[in-house]
Structures are given as structure tokens and as C-alpha cells.
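A.B. asks: build me a model from this:
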Amino acid sequence: MKKNYTVAFIMLFVASIASGFALKSVFSYSMIVGVGLGIVFLLCSVFLAGKSQ
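C.D. replies: Numbering: from 1, shown residues only. Next up, the predicted model:
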């Protein structure tokens, strides 16, 4: 059975952006960290989607 990690990385992308927004008042650089992690997860998703084809 072949596993599709693309969807998992897209969900992690959305979760990191949402957590950046949620922790904006707690941690001053949370939005930068959230967007940074989101970009990493999005690039991993694009890489795996291209690799599967």
C-alpha cells in the first residue's frame, strides 16, 4: 500500500499558519515561526507531489 504524505504535509501547513495566528498574543514572533514552518511544509508537499508523478 502506497502512502500519500502530500495531504499530511498540507494539513501541517494549515495547522502551522493557524497556530501562528493563535499564539500571536502569547509569543511575539509566533507569526514568523508559523509562516516559516508553513513554507517548509508546503515545499515538502510540492516535492512529494512531484515525486509521485
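A.B. asks: what helix or strand is V35 located in?
C.D. replies: Using DSSP states H and E, V35 falls within helix 30-52.
A.B. asks: which strands or helices does that helix pack on?
C.D. replies: Under the contact criterion of 3 or more C-beta pairs under 8 Å, 6 or more residues apart in numbering; DSSP states H and E, helix 30-52 touches helix 6-22. Any C-beta I mention is one placed from the backbone N, CA and C, and that applies to glycine too.
A.B. asks: which ones are touching S45?
C.D. replies: Contacts for S45 were tallied using C-beta atoms under 8 Å, 6 or more residues apart in numbering; they are Y5, T6, F9, I10, F13.
A.B. asks: nearest residue to it in space, please, no chain neighbours.
C.D. replies: Closest residue to S45 apart from its sequence neighbours, by C-beta to C-beta, 6 or more residues apart in numbering: F9 at 3.7 Å.
A.B. asks: touching, that neighbour and L48? I think so.
C.D. replies: Yes - using C-beta atoms under 8 Å, F9 and L48 qualify as a contacting pair, with a distance of 6.7 Å.
A.B. asks: pick out whichever of those two has more residues nearby.
C.D. replies: Neighbours were counted for F9 and for L48 using other C-beta atoms under 10 Å; F9 has more, 19 against 15.
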